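>>> Next come a sequence and a model predicted from it.
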Amino acid sequence: MKLPPYNIFPTIISEKISLRQIQSSDINDIIEISFYDAVQATTAQEAIEMQDKINKNYLEGDSIHWGIVENATNKIVGTCGYYRGFDKGAGELGCVLLPQYQGQGFMTLSMSLAIDFGINNIGLNRIYAITSENNDKARKLLDRLNFIKTADLEDQELEYELKHDSLTGSVLEQA
């Protein structure tokens, strides 16, 4: 496995979007989608503090967190990445998107790029995601990305795992 941190923070570029490191100049654009340990930021200062923790986790090799940039506008429209460590070759994939960009394919493409990176660059052999039982959009996204529900967790949360056959081929072909 090739765990973070990397000599150069990985930027992943596609025709429509790029996944890149979040800069301090991006904070005001992502306050409403800044989360850490399921707590949402309500101010720029809280978002800065959360991003500092996320950056620390990255430097400790426990996560990688990208801003999702719409290439046409160079604006961050969401975030995605692997969180809560890479125990035993596993990575928990998470994401959030600004509401005005939902339903336009941004997250399907972003997650596909992140999955491909997790398999081909980090070397993950298990990719999973946890979402709320009532988050229909996230559940549909995970279904589109070939995840299957594997567990009912506490607090009405569900665990999904990427199907094993998807870990051997390119997920980008399916997106």
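Great, that's in hand. Numbers count the residues shown, from 1 in each chain.
>>> Can you say which helix or strand has the most centrally placed residue in the chain in it?
Centroid-nearest residue in the chain, with C-alpha atoms, centre = their mean: Cys80, separated by 2.2 Å. Applying DSSP states H and E as the criterion places Cys80 in strand 75-83.
>>> Strands along this protein, start to end?
12-13, 17-20, 35-36, 39-40, 64-70, 75-83, 90-97, 126-132, 147-152, 157-162 (DSSP state E).
>>> Please enumerate residues in contact with the fifth one?
Residues from elsewhere that reach strand 64-70 (C-beta atoms under 8 Å, 6 or more residues apart in numbering): 4, 10, 12, 16-22, 26, 30, 54-55, 57-58, 75-83, 97, 101, 106-107, 110, 114, 122. Any C-beta I mention is one placed from the backbone N, CA and C, and that applies to glycine too.
>>> Of these, grab the buried ones for ChimeraX.
Per 16 or more other C-beta atoms under 10 Å, the buried members of the contacts of strand 64-70 correspond to this ChimeraX selection:
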select :4,12,17,18,19,20,22,26,30,54,55,57,58,76,77,78,79,80,81,82,83,97,101,106,107,110,114,122
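>>> Scan this structure for its longest helix.
helix 44-59 (DSSP state H).
>>> Ranking the strands of the chain by mean neighbour count, which comes first?
Compared across the strands of the chain, strand 64-70 shows the largest average neighbour count, a mean of 24 (mean count of other C-beta atoms under 10 Å).
>>> Any idea which of the strands of the chain gets closest to Arg139?
Nearest to Arg139 among these is strand 126-132 (6.3 Å), distances taken as C-beta to C-beta.
>>> picking up where we left off before, with only the CA atoms kept, save the strand holding Cys80 in PDB.
Listed next in PDB are the C-alpha coordinates belonging to strand 75-83 (Å, rounded to 0.1, in the frame of the first residue of the first chain):
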ATOM      1  CA  LYS A  75     -15.000  26.700  -8.200                       C
ATOM      2  CA  ILE A  76     -15.100  24.100  -5.500                       C
ATOM      3  CA  VAL A  77     -18.500  22.400  -5.600                       C
ATOM      4  CA  GLY A  78     -17.900  19.600  -3.100                       C
ATOM      5  CA  THR A  79     -15.500  17.400  -1.300                       C
ATOM      6  CA  CYS A  80     -14.700  13.700  -1.300                       C
ATOM      7  CA  GLY A  81     -12.000  11.500   0.000                       C
ATOM      8  CA  TYR A  82     -11.000   8.600   2.300                       C
ATOM      9  CA  TYR A  83     -11.500   9.100   6.000                       C
END
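>>> Partner strands of that strand, with direction?
strand 64-70 (antiparallel), strand 90-97 (antiparallel) (DSSP bridges).
>>> I figured Asn125 was touching Gly89, is that so?
Yes. In terms of C-beta atoms under 8 Å, Asn125 counts as a neighbour of Gly89; the distance is 4.2 Å.
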